[in-house]
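S.K.: prediction below, plus the sequence it came from.
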Amino acid sequence: MSNVATQTYPPSDDMAANAHVNAAKYDAMYHASIADPEGFWLEQAQRIDWMKPFTKVKDVDFTFGQVKINWFADGALNVSANCIDRHLETRGDQTAIIWEPDSPDEEAQHISYRALHAQTCKMANILRDIGVGKGDRVIIYMPMIPEAAYAMLACARIGAIHSIVFAGFSPDALAARVQGSDAKVVITADYAPRGGKATPLKANADKALAGCDPSVKCMVVRRTGGDVAWNDARDVDYTALEKEASDICAPEEMNAEDPLFILYTSGSTGQPKGVVHTSGGYLVYAALTHEVTFDYHDGDVYWCTADVGWVTGHSYIVYGPLANGATTLMFEGVPTYPDASRFWQICEKHKVNQFYTAPTAIRALMGKGRAFVDGCDLSSLKLLGTVGEPINPEAWNWYNDVVGKGNCPIVDTWWQTETGGHLMTPLPGAHTTKPGAAMKPFFGIKPVVLEPTTGAEIEGNDVEGVLCIADSWPGQMRTVWGDHERFEQTYFSDYKGYYFTGDGCRRDADGDYWITGRVDDVINVSGHRMGTAEVESALVAHPKVAEAAVVGFPHDIKGQGIYCYVSLMSGENPSEDLRAELRNWVRSEIGPIASPDMIQWAPGLPKTRSGKIMRRILRKIAENDYGTLGDTSTLAEPEVVDDLIANRMNR
Ligand code: WT7
């Protein structure tokens, strides 16, 4: 990836004049946020309503062994009241959510703040009736339908902690999260229509729940009305109960540091961990970043194409926009169904002003040709955003020229599940953008570039290293669910005193930041984060597999693809059938997003004499860049490398 800009794009005069934040304001606010974080966040916290004011802004320690992160800790609030109730007086009839279904033949819905209030209260009352209370965990395994947002907000309303499992995950992955969070209820739907196909979500939930505690309830939203198996003792019919449920439900008073949600995400080792976000700081940070990064103004129609199964959907479809009283669009389908104009048709139909998507979608649509874009009226667009992985300049330019017609600033937002909201991004009225650069830290964010091995801070510009953050911000994750030690180990042990992001970065000659990708064993496939260890453990769970090593390799559309080296049990023979079997096996263990792109049979894996797999070498071979393998002298059996090169898949 190139990380030198050939062309740069200053804010338009209009943006510079009318945006919430222009260059001078960014400089002043950024400076204030670093010089006096307490004062800065005290003021910013006033953008939400507190049931009980806080007296202390920040109580943070990044010291390994005693990490604690608290913001506004003695304040109390309710997140759903902030996202709904407080808007009722001024914008009760305004559309809160525009819902666009999978098929353009089905009608879109416009859900007003008043209707959102009623539906959220109904869902909250039903959850209470089936025994869900403050602090209980609720799994949400849903299509992108309004009920998914009602479910999130209903949990927030009664103080339950939601954990959304992306509907593309397998029953096994769902079961692991039900068990890991010790959930009381799974909220699901009969089927999830997507791209003209319908995933049988309820049937998946049935399979998952077969292996869980029998007391776990299953609440079912009827999306398609298709047939589902029913277990009277366990299953709850939301669609039937909703008709009778009361639409009044008082919001629970929650402490600022009470968990709002858990979201499982992959790391470099072990199974996915439950990232915990809490209520007050998270909401302040999601709301502020949503307003400033996207330059959201009252009356705008804002669309983030993510799924609520990812953090982007949490912060930038639901919590941030609704806290700001925005109109947020929720889309059930995929960019290429019925054809590759779907996104642009929706922008035209609903007069979308801010559009936020992932590089993988841009690349896929770019490949279909510009006619799909040119046929639509995109004159409503004011700003474009991207998130999830580094964007290559070619995709950036296409987005800018073909979609934005050169009139829309592009915000390349770098952040993580762990960070709750944007940590680095250009601001549209303040910064000159460079294709592929995340540019500038958001208010309160102190990025540091460290020398990877010594951990020494690298000062100055035109430098590269690992990216850490020197101090906390309100949207930061607080812990790993049930495992604070793992939290400290993962993020605070390698570079003492800092939050370690897992990303590499470059600070260019102008002092602007470019994310160069993960420096750990996490890969990014179509913007979905995957631990290579997870795919490996799925592979070795297959009875014919003795050993497996998984690495990423460059992929034109997905950004990275999944490359697996597999050693079979003795007596087992490689075959195309077995390849297909293993691919399906991984899909069913984790989900289709983890589907291996390449499986290479490896009679041996390159290991050090102490038995550690040398991934650096496997990565090079997968990248088809085996000319510079580096030092292989420490390998136990250097000759395995020759075999792997000779039989590489990625020619
Ligand atoms: C990882 C986090 C944050 C929501 C989506 C992904 C990569 C994310 C960018 C960007 C370059 C990016 C990083 C990061 N990443 N945004 N704009 N430019 N890389 O969340 O699944 O937690 O993944 O995604 O490597 O660490 P996630």
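M.R.: Good, I have the coordinates.

S.K.: what about Arg86, how many residues nearby?
M.R.: 16 (other CB atoms under 10 Å). All C-beta spots, glycine's among them, are computed from the backbone N, C-alpha and C.

S.K.: skipping adjacent residues, who's closest to it in space?
M.R.: Asp49 (5.2 Å; CB to CB, 6 or more residues apart in numbering).

S.K.: the one you found: what secondary structure?
M.R.: What DSSP: H, G, I helix; E, B strand; the rest coil gives for Asp49 is coil.

S.K.: model confidence over stretch 485-502, on average?
M.R.: Mean pLDDT, stretch 485-502: 97.

S.K.: err, stretch 21-41, not the other one
M.R.: 98.

S.K.: now stretch 237-244
M.R.: Rounded mean pLDDT across stretch 237-244 is 97.

S.K.: over to stretch 436-443?
M.R.: 97.

S.K.: over to stretch 542-551?
M.R.: For stretch 542-551, the mean confidence score works out to 94.

S.K.: equivalent analysis for stretch 140-147, please.
M.R.: pLDDT averaged over stretch 140-147 gives 98.

S.K.: same question for stretch 395-414.
M.R.: Here the average pLDDT along stretch 395-414 is 97.

S.K.: repeat for stretch 212-226
M.R.: 98.

S.K.: for it, which positions count as buried?
M.R.: By neighbour count with 16 or more other CB atoms under 10 Å, stretch 212-226 contains the buried residues Cys212, Val216, Lys217, Cys218, Met219, Val220, Val221, Arg222, Arg223.

S.K.: which among the residues you listed gets closest to Leu288?
M.R.: Relative to Leu288, the closest of the buried residues of stretch 212-226 is Val221; by CB to CB it sits at 32.0 Å.

S.K.: ok, the closest one to Val178 distance?
M.R.: Computed as CB to CB, to the nearest Å, the Val221 to Val178 distance reads 18 Å.

S.K.: and for Glu547?
M.R.: Distance from Glu547 to Val178, by CB to CB: 30 Å.

S.K.: longest single helix anywhere in this structure?
M.R.: helix 113-129 (DSSP state H).

S.K.: how far off centre is the next helix or strand after that one?
M.R.: The helix or strand immediately downstream of helix 113-129 is strand 137-141, counting by DSSP states H and E. Between the centre of strand 137-141 and the centre of its chain there are 17 Å (CA atoms, centre = their mean, to the nearest Å).

S.K.: repeat for stretch 305-325
M.R.: 10 Å.

S.K.: how about the residues of the stretch 201-350 of the chain near the ligand?
M.R.: Residues of the stretch 201-350 of the chain lying close to the ligand by CB under 6 Å from any ligand atom are Thr265, Val311, Thr312.

S.K.: and the nearest residue to Pro638 once chain neighbours are set aside, how many residues sit next to it?
M.R.: Closest residue to Pro638 apart from its sequence neighbours, by CB to CB, 6+ apart: Thr632 at 5.2 Å. Neighbour count of Thr632, defined by other CB under 10 Å: 15.

S.K.: correct me, but Thr632 touches Val640?
M.R.: No: using CB atoms under 8 Å, Thr632 is not in contact with Val640, being 9.8 Å away.

S.K.: overlap of the contact sets of those two?
M.R.: Shared contacts of Thr632 and Val640 (CB atoms under 8 Å, 6 or more residues apart in numbering): Pro606.

S.K.: is whatever residue of the stretch 51-200 of the chain ends up closest to the ligand in a helix, a strand, or coil?
M.R.: With CB to the nearest ligand atom, the shortest gap between the stretch 51-200 of the chain and the ligand falls at Phe166, namely 10.8 Å. Classification of Phe166 using three-state DSSP returns coil.

S.K.: now for it, how many residues are close by?
M.R.: 19.

S.K.: quick check: chain neighbours aside, which residue is closest to it?
M.R.: That would be Gly309: by CB to CB, 6+ apart, it lies 2.9 Å from Phe166.

S.K.: what's the burial count for that neighbour?
M.R.: Quick note: Gly309 (other CB under 10 Å) scores 23 neighbours.

S.K.: tell me the SS of it?
M.R.: coil.

S.K.: again with Asp27
M.R.: Under three-state DSSP, Asp27 comes out as helix.

S.K.: residues from the chain in reach of the ligand?
M.R.: 265, 311-312, 387-390, 412-417, 438, 501-503, 515, 518, 524, 529.

S.K.: the residue in the chain sticking out farthest from the centre and Leu288, how far apart?
M.R.: Going by CA atoms, centre = their mean, the residue of the chain most distant from its centre is Gly571, 42.1 Å out. Distance, Gly571 to Leu288, using CB to CB: 60 Å.

S.K.: distance between stretch 470-483 and the chain's centre?
M.R.: 16 Å.

S.K.: cool, stretch 370-390 as well?
M.R.: 20 Å.

S.K.: list the buried residues in it.
M.R.: Applying 16+ other CB under 10 Å to stretch 370-390 flags 372-373, 376, 378, 381-390 as buried.

S.K.: so which of those residues are in helices?
M.R.: Phe372, Val373.

S.K.: of the buried residues of stretch 370-390, which pair is most distant in space?
M.R.: It's Cys376 and Pro390 that sit farthest apart of these, by CB to CB, at 27.3 Å.

S.K.: near Gln46, how many other residues are there?
M.R.: 11.

S.K.: grab the nearest non-local neighbour of Ile617.
M.R.: Using CB to CB, 6+ apart, the nearest residue to Ile617 is Pro606, at 4.9 Å.

S.K.: thought that neighbour was touching Ser633?
M.R.: No: look at Pro606 against Ser633 with CB under 8 Å: they stay out of range, at 11.7 Å.

S.K.: before we move on, back to that, is it possible to get CSV of the buried residues of stretch 370-390 that adds pLDDT?
M.R.: Formatted as CSV, those follow (pLDDT from 0 to 100):
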residue, pLDDT
Phe372, 97
Val373, 98
Cys376, 98
Leu378, 98
Leu381, 98
Lys382, 98
Leu383, 98
Leu384, 98
Gly385, 98
Thr386, 97
Val387, 96
Gly388, 92
Glu389, 90
Pro390, 87
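
S.K.: the buried residues of stretch 370-390 in strands, which ones?
M.R.: Among those, the members falling in strands (DSSP state E) are Leu383, Leu384, Gly385, Thr386, Val387.

S.K.: show me what the first one is bridged to.
M.R.: By that I understand Leu383. Note on Leu383: beta-bridge partners by DSSP bridges are Gln354.

S.K.: any idea how far it lies from Lys440?
M.R.: From Leu383 over to Lys440 (counting by CB to CB), the distance is 16 Å.

S.K.: what do you get for the third one?
M.R.: Remark: distance between Gly385 and Lys440 (CB to CB) = 15 Å.

S.K.: send the alpha carbons of stretch 415-427 over as CSV?
M.R.: Coordinates of each C-alpha in stretch 415-427 appear next as CSV, following Å, rounded to 0.1, in the frame of the first residue of the first chain:
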residue,chain,number,x,y,z
TRP,A,415,-11.0,3.0,15.1
GLN,A,416,-11.7,-0.4,16.7
THR,A,417,-14.3,-2.4,18.5
GLU,A,418,-12.3,-1.5,21.6
THR,A,419,-12.3,2.2,21.1
GLY,A,420,-16.1,2.7,20.9
GLY,A,421,-15.7,5.5,18.4
HIS,A,422,-13.4,7.2,15.9
LEU,A,423,-9.9,7.8,17.2
MET,A,424,-8.3,9.2,14.0
THR,A,425,-10.0,10.7,11.0
PRO,A,426,-9.9,13.9,9.0
LEU,A,427,-12.7,16.3,9.9
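
S.K.: pull out the buried positions in that stretch.
M.R.: 415-427.

S.K.: Ala424 against Gln416, yeah?
M.R.: Small correction: residue 424 is Met, not Ala. No: if you go by CB under 8 Å, Met424 and Gln416 don't touch, sitting 10.7 Å apart.

S.K.: is it possible to get TSV of the buried residues of stretch 415-427 that adds secondary structure?
M.R.: As requested, these are exported to TSV (three-state DSSP):
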residue	secondary structure
Trp415	coil
Gln416	coil
Thr417	helix
Glu418	helix
Thr419	helix
Gly420	coil
Gly421	coil
His422	coil
Leu423	coil
Met424	strand
Thr425	coil
Pro426	coil
Leu427	coil
